[in-house]
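Trainee: The following comprises the amino acid sequence and a computationally predicted model.
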Amino acid sequence: MITENDPMLPRKVDLEKNPSGTELKIAQHRELEKHGKYVAIPGDKTRTRIFVRNGEDAEKKIAAYLERINNRPQRWN
């Protein structure tokens, strides 16, 4: 992880007060959501969502995701 010019470093909290770093994780997630959105996969029973960056085609990302899922090798009996 690159720590140089990281906007999250000043926001880190005391780990004794917040051992799991939840506040930092929430702040990082909010920063991520500024650059895109989560899109639901249509027809998926588990309500899977994938992250689509701003300016990218959601339909294309969904198609790539479904193709990757359907073409993966079966690793169990």
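Mentor: Good, I have the coordinates.
Trainee: which residue ranges form the strands in this protein?
Mentor: Assigned by DSSP state E, the chain shows strands spanning 36-40, 49-53.
Trainee: avg pLDDT for the first one?
Mentor: Across strand 36-40, pLDDT averages out at 91.
Trainee: who touches that strand?
Mentor: Applying Cβ atoms under 8 Å, 6 or more residues apart in numbering, the external contacts of strand 36-40 come out as R47, T48, R49, I50, F51, V52, R53, N54, E56, A58, K61, I62. Every residue, glycine included, has its C-beta placed from N, CA and C.
Trainee: From the residues you listed, keep the buried residues only.
Mentor: Neighbour-count burial (16 or more other Cβ atoms under 10 Å) applied to the contacts of strand 36-40 gives V52, K61, I62.
Trainee: about what we covered before: format the contacts of strand 36-40 as TSV; extra columns: pLDDT and distance to K34.
Mentor: Shown next, in TSV, are the contacts of strand 36-40 (pLDDT from 0 to 100; distance: Cβ to Cβ, whole Å):
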residue	pLDDT	distance to K34
R47	88	23
T48	90	22
R49	91	17
I50	91	17
F51	90	12
V52	93	13
R53	91	11
N54	91	9
E56	91	15
A58	93	17
K61	94	18
I62	93	22
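Trainee: Hmm, I62 is touching T48, no?
Mentor: No: if you go by Cβ atoms under 8 Å, I62 and T48 don't touch, sitting 10.0 Å apart.
Trainee: re the thing from before, quick check, nearest of the contacts of strand 36-40 to L24?
Mentor: Using Cβ to Cβ, F51 comes nearest to L24 of those, at 18.9 Å.
Trainee: Residue nearest the middle of this structure, spatially speaking?
Mentor: Closest to where the C-alpha atoms of the chain average out (Cα atoms, centre = their mean) is F51, at 5.6 Å.
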